[in-house]
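S.K.: Below are the sequence and a predicted model for it; my questions follow.
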Amino acid sequence: MTAGKTKRVAHTTTLRQLDGSLTTDLQGTLSLIIQKFAPEDNQEDDTDNHRQARNLISMPMDTDDDAEFTEQEVTNVIYDMGNKKAPGDAQRSTEGVSENSTKVYNGDIQQMSQGGSFS
């Protein structure tokens with residue numbers, strides 16, 4: 001390589017489709033890649049292992065050594081978040097959160113950690 005010159009790198013911009021034709025633009029190429037590596041999640045195609053994994057993740061975890069979040073842990077998380085952030089589905093802003101209101105968030109977080117969801 002001489003000074004001031006850069007080596008050109010060839011980029012793959014088209015891919016061969018199942019019908020033998022080539023993709024014609026970037027959007028078509030990306031769509032083909034996504035179809036190949038991130039296919040639709042169809043439960044009818046599940047193996048026994050997939051079904052078992054789906055069943056396991058749908059059950060709330062319950063272990064004897066689960067500890068409740070402390071109010072200080074919840075407070076730290078809330079204050080570490082930037083303003084205008086909305087934790088979870090409740091869409092509550094962290095702006096103006098005071099120490100007293102962390103009890104409300106704590107209840108929501110405890111519910112979420114036990115397999116529930118924000119209401």
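M.R.: Structure's in. What do you need?
S.K.: Please make it C-alpha for all contacts and neighbour counts, starting now.
M.R.: Noted.
S.K.: And stretch 20-27, end to end?
M.R.: 18 Å (Cα to Cα, to the nearest Å).
S.K.: Let me see the residues that make contact with that stretch.
M.R.: Thr13, Thr14, Leu15, Arg16, Gln17, Thr29 (Cα atoms under 8 Å, 6 or more residues apart in numbering).
S.K.: What average pLDDT does stretch 36-56 get?
M.R.: Averaged across stretch 36-56, the pLDDT comes to 88.
S.K.: cool, and stretch 77-95?
M.R.: pLDDT averaged over stretch 77-95 gives 63.
S.K.: what about the helices in this protein?
M.R.: For the chain, the helices defined by DSSP state H occupy 26-37, 48-58, 71-80, 102-113.
S.K.: returning to what we had before: want to throw the contacts of stretch 20-27 into a markdown table with neighbour count and pLDDT?
M.R.: Formatted as a markdown table, those follow (neighbours: other Cα atoms under 10 Å; pLDDT from 0 to 100):
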| residue | neighbour count | pLDDT |
| --- | --- | --- |
| Thr13 | 14 | 80 |
| Thr14 | 17 | 87 |
| Leu15 | 18 | 90 |
| Arg16 | 12 | 91 |
| Gln17 | 12 | 91 |
| Thr29 | 19 | 91 |
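S.K.: which one among the residues you listed gets closest to Glu73?
M.R.: Thr29 (46.1 Å; Cα to Cα).
S.K.: That closest one touches Thr12, doesn't it?
M.R.: No. Using Cα atoms under 8 Å, Thr29 is not in contact with Thr12, being 9.3 Å away.
S.K.: Skipping its backbone neighbours, what lies nearest Thr14 in space?
M.R.: Thr23 (5.1 Å; Cα to Cα, 6 or more residues apart in numbering).
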